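Engineer: okay, here's the prediction I keep looking at, along with the sequence it came from:
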Amino acid sequence: MAKPEGVTIYGIPNCDTMKKARSWLDTHRIAHQFHDYKKSGIDPAVLTGWVKQLGWEPLVNRAGTTFRKLPDVDKSGLTADKAIALMLAQPSLIKRPVLARNRQILVGFKPEIYARIFDKPVQD
């Protein structure tokens, strides 16, 4: 692995998208830390910082089972504060992966975007 660049990838280990993202990082020899929501939850200050930088909408995984199972009262009328509270209570609501590199935050995994930010060939 190359020298760490301050890269942390957040998610849960059994998520297929997480597996693809972590495999991409490994294949391209990008040192990173993995933060497992299932074991460690998410720090409120970290989550609040993401929301301040990106807004809450890109962080909430509305397509996931966890969101669909929420009571309608929790799903309706979402605000930043309500979304943060829900994501803190159930980190599986956070779209995966979230990749933090220095001050840059990426939500989701697209190989071409990872290739661009890490200056790697796109065809890999």
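Structural biologist: On my side now, so go ahead.
Engineer: residues in contact with the nearest residue to His35 once chain neighbours are set aside?
Structural biologist: The shortest distance from His35 to any non-neighbouring residue, by CB to CB, 6 or more residues apart in numbering, is to Tyr10 (4.5 Å). Bear in mind the C-beta positions are built from the backbone N, C-alpha and C, glycine included. Tyr10 is in contact with 35, 37, 42, 94, 96-100, counting by CB atoms under 8 Å, 6 or more residues apart in numbering.
Engineer: what does Pro97 give?
Structural biologist: By CB under 8 Å, 6+ apart, the neighbours of Pro97 are 9-11, 15, 17-18, 21-22, 107-109.
Engineer: looking at those residues, spot the one nearest Pro71.
Structural biologist: Nearest to Pro71 among the contacts of Pro97, counting by CB to CB, is Cys15 at 23.6 Å.
Engineer: that closest one against Lys95, yeah?
Structural biologist: No - under the criterion of CB atoms under 8 Å, Cys15 makes no contact with Lys95, lying 10.2 Å away.
Engineer: how close does Asn16 sit to Thr66?
Structural biologist: Not quite, residue 16 is Asp, not Asn. The gap separating Asp16 from Thr66 is 15 Å, by CB to CB, to the nearest Å.
Engineer: so for these two, which sits in the more crowded spot?
Structural biologist: Using other CB atoms under 10 Å as the criterion, Asp16 and Thr66 rank with Thr66 on top: 16 against 9.
Engineer: correct me, but that one touches Ser92?
Structural biologist: Yes - with contact defined as CB under 8 Å, Thr66 reaches Ser92; the gap is 4.2 Å.
Engineer: picking up where we left off before, would JSON lines of the contacts of Tyr10 with secondary structure be doable?
Structural biologist: Below are these laid out as JSON lines (DSSP: H, G, I helix; E, B strand; the rest coil):
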{"residue": "His35", "secondary structure": "strand"}
{"residue": "Tyr37", "secondary structure": "helix"}
{"residue": "Ile42", "secondary structure": "coil"}
{"residue": "Ile94", "secondary structure": "strand"}
{"residue": "Arg96", "secondary structure": "coil"}
{"residue": "Pro97", "secondary structure": "coil"}
{"residue": "Val98", "secondary structure": "strand"}
{"residue": "Leu99", "secondary structure": "strand"}
{"residue": "Ala100", "secondary structure": "strand"}
